[in-house]
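Engineer: sharing a model prediction with you, sequence too.
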Amino acid sequence: MRWPEPPTDPSPSGRGVGVRVLRQILALTIAALSATATANPPPPPLRLAVAANFSAPAREIAAAFESQGGGKVEIVTGATGNLFVQIVEGAPFDVFLAADRRAPEALEARGLALAGTRFTYAVGRLVLWSKDPDWVDAHGEVLRTGTFHHLAIANPIFAPYGRAALQVLDSKGVRGKLEERIVRGESIAQAYEFVASGNAELGFVALSQVWHDGHFDPGSAWLVPEHLHEPIEQDAVGVGATKHPEAARAFLAFLQGEKAQAILAAHGYRAP
Amino acid sequence: MSALSPDHQAILLTLELAAVSTAIVLLLATPLAWWLAARHERQPTLASIVAAIVSLPLVLPPTVLGFYLLLLMGPSGAIGRLTTSMGLGTLAFTFEGLVIASVLATLPFVLAPLQAAFAGLGEGPLEAAATLRASPLDRFLRLVVPACTPAFIGAGVLAFAHVVGEFGIVLMIGGSIPGQTRVVSVALYDHVQGFEMSEAHALAATLLGFSAVALFFLYRLGMVMPYRAASRRP
């Protein structure tokens, strides 16, 4: 297709007219779009960067916040480490709900956090879980006696649930014996997937993954006593570069409130 | 192996995985590409169906492909039941499982250049060889392979590089077991997620440096080969 040259080509050929009409339509559309954009800017949503393991309760909490007139909330989920790097590189997030304490602390240390907004919003509970109803006993003795081939855990290098799982193995004195049988998921979600698909007979997962409507999912589970590992604390913090710090602070205050804490408790997290 | 640092172990494991997978995928893809090239004109529908099925792994994002492989390889999945009934156990979290997944994911990349090369060869030289009473195997080994060496090298390079850089599938079915399934891409990811940036940079630099050198030599070999093959022609 050849582009017609309007100034030098006076012949009103059919094609030329067609192109001219198309151009006018395009110009009008652009004008209309820019007019609506400037005349009626939509209120900017509050954007939450949420650790993937917390996405379900975060959605409910955001909905509750919105219904209380807190303004529109948008949720972006991802691995805590990835979200951290994205925030450091200037991602347009307003609030960060991490899966650990380390990433929000690191943001604060770099001066990239909204001053004074960091706090622990939830404490995760660790569960030894199997899809098979007979594998896991009420005291986790299966770790000493079981003949399983694979024990799934989250990656202990960076996932708090993985670190806690190793601490449990240490306090039970079975880590050395089981070392060969441990498979590491990159996240607690993947550790769960390994167990849920049956590729690993059992694994340390988050209570939030296997606890629905007040019951454990089918299978067998041992809710690990919290004194066997360091607490799995998840911190939230406002992002320093946010364009609406008041809204960010309002959401963080809401997150500490009774309503939000009740929602996260129903999802298998403990209020701090 | 125990004297090696975890990252060096990951590098060695990656090279091993890439080498084994590349060898297997070339062995599988060669007859398949040959068959596709031969059937292309006579049975275009059948050939297209086969080519489409083999290319499907390209469509799925690697992590999604890995997720379904994890389900398939599990004790209630089709592959898992097969391997368990053969007394092999399940394949997830094993080196063998990674090889199978890598071969599957790499096959389309290897098939395309080989099929094009075989088709480009034409039937003339093969018919001429046949009139000289060269057996089919003879024709393949002494005519097709030398004439298509650049395509084999190119396909091998693609396969090797692809396996070295593969991440999503390995992440899903590997379990990050040192010396078994913890390959470089996963080790790199672990470092980044653990805020160990200097280790991550060092490993990435090693991987890039090695790959650049290896690819250079392979391409150099591929560029030289056609002339050698040509000069051998009577």
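Structural biologist: Received the coordinates, thanks.

Engineer: any idea how far B:Val157 is from the residue in chain B that chain A sits nearest to?
Structural biologist: At 3.2 Å from chain A, B:Gly175 is the closest residue in chain B, using C-beta to the nearest C-beta. C-beta here means a position set from N, CA and C on the backbone, and glycine is covered the same way. Going from B:Gly175 to B:Val157 by C-beta to C-beta, to the nearest Å gives 29 Å.

Engineer: quick one: which of those two has more around it?
Structural biologist: Comparing B:Gly175 with B:Val157 by other C-beta atoms under 10 Å in any protein chain shown, the one with more neighbours is B:Gly175, at 30 against 20.

Engineer: quick check: phi and psi at that one.
Structural biologist: Dihedral angles of B:Gly175 (phi, psi; degrees, to the nearest 10) stand at phi 80, psi 10.

Engineer: tell me if I'm right that it and A:Ser197 touch.
Structural biologist: No - here B:Gly175 does not reach A:Ser197: they are 11.9 Å apart, not a contact under C-beta atoms under 8 Å.

Engineer: so, low pLDDT: which residues of the chain?
Structural biologist: Defaulting to chain A. A:1-19, A:21-22, A:25, A:28-43 (pLDDT under 70).

Engineer: the chain in question should be chain B.
Structural biologist: Scanning chain B for pLDDT under 70 picks out B:1-3, B:222-234.

Engineer: residue boundaries of the strands in it?
Structural biologist: With strands called from DSSP state E, chain B shows none.

Engineer: would you mind listing what in it touches chain A?
Structural biologist: Residues of chain B found near chain A (C-beta under 8 Å from any C-beta of the partner chain) are B:67, B:70-71, B:73-77, B:80, B:89-90, B:92-93, B:171-173, B:175-177, B:186, B:189-190, B:192-196.

Engineer: put the buried members of these into a ChimeraX selection.
Structural biologist: In ChimeraX, the members of these classed as buried (16 or more other C-beta atoms under 10 Å in any protein chain shown) are selected with the following command:
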select /B:67,70,71,73,74,75,77,80,90,92,93,171,172,173,175,176,177,186,189,190,192,193,194,195
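
Engineer: okay, and which of the residues of chain B next to chain A map to helices?
Structural biologist: B:67, B:70-71, B:73, B:80, B:171-173, B:186, B:189-190, B:192-193 (DSSP state H).

Engineer: which residues does the nearest residue to the residue of chain B closest to chain A once chain neighbours are set aside contact?
Structural biologist: Sequence neighbours aside, A:Val183 is the residue nearest to B:Gly175 in space, at 3.2 Å (criterion: C-beta to C-beta, 6 or more residues apart in numbering or on different chains). For A:Val183, the contact set (C-beta atoms under 8 Å, 6 or more residues apart in numbering or on different chains) comprises A:His150, A:Leu151, A:Ala152, A:Ile153, A:Phe194, A:Asn199, A:Ala200, A:Gly203, B:Phe93, B:Gly175, B:Ser176, B:Ile177.

Engineer: wait, a strand at A:Val183?
Structural biologist: Yes - assigned with DSSP: H, G, I helix; E, B strand; the rest coil, A:Val183 falls within a strand.

Engineer: that one and A:Arg125, how far apart?
Structural biologist: Distance, A:Val183 to A:Arg125, using C-beta to C-beta: 22 Å.

Engineer: from chain B, how far out is the nearest residue to A:Gly240 once chain neighbours are set aside?
Structural biologist: Distances taken as C-beta to C-beta, 6+ apart put A:Leu112 closest to A:Gly240, at 4.8 Å, once the chain neighbours are dropped. For A:Leu112, the distance to chain B equals 14 Å [C-beta to the nearest C-beta, to the nearest Å].

Engineer: how about A:Arg249?
Structural biologist: For A:Arg249, the distance to chain B equals 27 Å [C-beta to the nearest C-beta].

Engineer: if I look at that residue, how far off is A:Pro44?
Structural biologist: Counting by C-beta to C-beta, the gap from A:Arg249 to A:Pro44 is 15 Å.

Engineer: have a look at the two and say which one is more surrounded.
Structural biologist: Taking other C-beta under 10 Å, A:Arg249 and A:Pro44 do not tie; A:Arg249 has more neighbours (17 against 14).

Engineer: is it true that the more buried one lies in a helix?
Structural biologist: Yes - assessed by three-state DSSP, A:Arg249 belongs to a helix.

Engineer: isn't it up against A:Thr117?
Structural biologist: Yes - using C-beta under 8 Å, A:Arg249 is in contact with A:Thr117, at 6.5 Å.

Engineer: shared neighbours of the two, anything?
Structural biologist: In terms of C-beta under 8 Å, 6+ apart, A:Arg249 and A:Thr117 are both contacted by the residues A:Gly238.

Engineer: buried sites along the host helix or strand of A:Leu252?
Structural biologist: Assigned by DSSP states H and E, A:Leu252 belongs to helix A:245-256. Residues A:Pro245, A:Ala247, A:Ala248, A:Arg249, A:Ala250, A:Phe251, A:Leu252, A:Phe254, A:Leu255 are the ones in helix A:245-256 that count as buried (16+ other C-beta under 10 Å).

Engineer: cool, stretch A:87-101 as well?
Structural biologist: Buried residues in stretch A:87-101, counted by 16+ other C-beta under 10 Å: A:Ile87, A:Ala91, A:Phe93, A:Asp94, A:Val95, A:Phe96, A:Leu97, A:Ala98, A:Ala99, A:Asp100, A:Arg101.

Engineer: pretty sure the fifth one contacts A:Leu252?
Structural biologist: Yes - at 6.4 Å, A:Val95 and A:Leu252 qualify as touching, with contact defined as C-beta under 8 Å.

Engineer: need the residues touching each of the two.
Structural biologist: A:Ala236, A:Gly238.

Engineer: what about stretch A:92-105, distance to the chain center?
Structural biologist: Put simply, stretch A:92-105 sits 10 Å off its chain's centre (C-alpha atoms, centre = their mean, to the nearest Å).

Engineer: can I get that stretch in CSV? Just the C-alpha atoms.
Structural biologist: In CSV, the C-alpha atoms belonging to stretch A:92-105 read as follows (Å, rounded to 0.1, in the frame of the first residue of the first chain):
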residue,chain,number,x,y,z
PRO,A,92,4.4,2.1,41.2
PHE,A,93,3.2,0.4,44.4
ASP,A,94,1.8,2.1,47.5
VAL,A,95,1.8,-0.6,50.1
PHE,A,96,3.9,-3.7,50.5
LEU,A,97,2.6,-6.8,52.3
ALA,A,98,5.6,-9.1,52.5
ALA,A,99,5.8,-12.7,53.5
ASP,A,100,8.7,-12.0,55.9
ARG,A,101,10.2,-9.2,58.0
ARG,A,102,13.4,-9.0,56.0
ALA,A,103,12.2,-7.3,52.8
PRO,A,104,10.2,-4.5,54.6
GLU,A,105,13.2,-4.0,56.9
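
Engineer: is there proximity between the helix or strand hosting A:Trp129 and chain B?
Structural biologist: Using DSSP H and E, A:Trp129 sits in strand A:126-130. No - in terms of C-beta under 8 Å from any C-beta, no part of strand A:126-130 sits within range of chain B; the closest distance is 12.3 Å.

Engineer: pull the residues that contact that strand.
Structural biologist: Contacts of strand A:126-130 with the rest of the structure, by C-beta under 8 Å, 6+ apart, involve A:136, A:140, A:142-143, A:161, A:164-165, A:168, A:192, A:195, A:201-207, A:209-211, A:216, A:219-224, A:229, A:232.

Engineer: what's in contact with the helix or strand following it?
Structural biologist: On the C-terminal side of strand A:126-130, the nearest following helix or strand under DSSP H and E is helix A:142-145. Residues from elsewhere that reach helix A:142-145, judged by C-beta under 8 Å, 6+ apart: A:Leu128, A:Trp135, A:Val136, A:Phe148, A:Leu151, A:Leu169, A:Lys172, A:Val174, A:Leu178, A:Leu202, A:Trp222.

Engineer: of those, which belong to helices?
Structural biologist: Those of those mapping onto helices are A:Leu169, A:Leu178, per DSSP H.
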